[in-house]
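Enquirer: would you be able to build a 3D model of this:
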Amino acid sequence: MKKFAVGLFGTAALLLIIVLISLIPNDKWFVRTVDLVREPLAYAAALLLLVAIFVGSRWRWATVAMFALVIGISIWRIWPYSAAAATEIELVEAPQSPSEPGCFSAMSVNVKVANKQYAKLADQLRRYDPDLLFMMETDQPWIDSLKPVLAEYDHVQTHSQPEAFGLVFATRLPVLKSNVVENTYRDTPTLYATLQPKGSLPIEFIGLHPKPPLPDWNTELRDENIVNAGVQTPDRLPHAFVMGDFNDVPWSRTTTKFRDMGDWRDPRIGRGTYPTFPADLRLLGWPLDQLMLKGQLQLTSFEILPDNGSDHRAVLANFCSPSPLP
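Expert: Down below sits the predicted model:
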């Protein structure tokens, strides 16, 4: 029992050190990775705290206190993304007709380049049939396998890559312009499109998928990519939305800066974290796939979709864009 108590004390001390270090502004991948797992980390610390209460030793309450600090810091960081916080976006009532002018659906999905369950994703795409589709990690086999689905869209733009940063953009909305830009890394493109839904003012769409924090990949350029994507849109339109796998969580310094500098609003604030990764661990996962909007663009609904064979779950949203003044 003494060894177990010592192990709990050491675990509590290690977790607290890790959590405190993660609060220091730093681009090192192993520091920034802590941001990604704050929610499951809080759950783990809560479970260990309960265990520590019933393990008698002279370190009991010090252990409990350290686990409590880990939980408190984690909750403080993710608090805006809890159901107890105030919402930032009010969902508007969905139009009675699905063909209401200016209203459309959009879906983003990281297909996982090594995933070969092409038919499973194709079935999901046909089921939800989004008006705008943004896919990430698409190599040429993925594009070839989804050709029958993509053929149902008026505008299709592909940017295949053999590794993990290919893109596909497909939409039935009128496209005024569409371009793939290398904001930072040569092989991590960002998609910008200017759209004009029927009976609507023009709006901008940003599709984003930067590199994750990994060994040999610190986050300086990833952070620059994320922030630049939100503040340097080609047409500087006031009404816009962004979707994609940020490889970052919404409460991080980087995504918070993206939101603040670009005046973006996040519908998950005040509603929950909506984890998307890993796909098979909804309760213990984290929200890497983002959805934000700004201006007078309205949101009627959004949801995380069921498993489609990838390691990410897709995000589906329904929007109504602003109408021109009479």
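
Enquirer: please make it C-alpha for all contacts and neighbour counts, starting now.
Expert: Fine.

Enquirer: can you give me the helices for the stretch 51-200 of the chain?
Expert: Applying DSSP state H, counting those that start in this stretch to the stretch 51-200 of the chain gives helices spanning 60-78, 118-128, 140-145, 147-150.

Enquirer: residues making contact with the second one?
Expert: Pointing back at helix 118-128 there. The contact list for helix 118-128, computed with Cα atoms under 8 Å, 6 or more residues apart in numbering, reads 111, 142, 145, 146, 149, 308, 309.

Enquirer: pull up the gap between the first one and residue 95, please.
Expert: This means residue 111. Going from residue 111 to residue 95 by Cα to Cα, to the nearest Å gives 30 Å.

Enquirer: so which of these two has more stuff around it?
Expert: Taking neighbours as other Cα atoms under 10 Å, residue 111 and residue 95 compare with residue 111 leading, 25 against 12.

Enquirer: does the closest residue to the more buried one other than its chain neighbours belong to a helix, a strand or coil?
Expert: Counting by Cα to Cα, 6 or more residues apart in numbering, residue 310 is the residue found nearest to residue 111 once chain neighbours are left out, at 5.3 Å. Look at residue 310: counting by DSSP: H, G, I helix; E, B strand; the rest coil, its state is coil.

Enquirer: settle this for me: residue 310 is touching residue 137, isn't it.
Expert: No: if you go by Cα atoms under 8 Å, residue 310 and residue 137 don't touch, sitting 10.4 Å apart.

Enquirer: find residues that contact each of the two.
Expert: When contacts are counted by Cα under 8 Å, 6+ apart, residue 310 and residue 137 have 110, 111, 112 as shared neighbours.

Enquirer: burial of the last one, as a residue count?
Expert: Translated: residue 112. Neighbours of residue 112 under the rule other Cα under 10 Å: 21.

Enquirer: hmm, it is touching residue 308, no?
Expert: No: the pair residue 112 and residue 308 fails to qualify as a contact (Cα under 8 Å) at a distance of 10.5 Å.

Enquirer: closest to residue 255 out of the shared contacts of residue 310 and residue 137?
Expert: Distance to residue 255, by Cα to Cα, is smallest for residue 110 among the shared contacts of residue 310 and residue 137, at 18.6 Å.

Enquirer: if I pick that closest one, what's in contact with it?
Expert: With Cα under 8 Å, 6+ apart, residue 110 has these contacts: 135, 136, 137, 244, 245, 310, 311, 312, 313, 314.

Enquirer: return the distance of it relative to residue 145.
Expert: 15 Å.

Enquirer: for residue 290, find the nearest of the helices of the stretch 51-200 of the chain.
Expert: The nearest among the helices of the stretch 51-200 of the chain, by Cα to Cα, is helix 60-78 at 14.9 Å.
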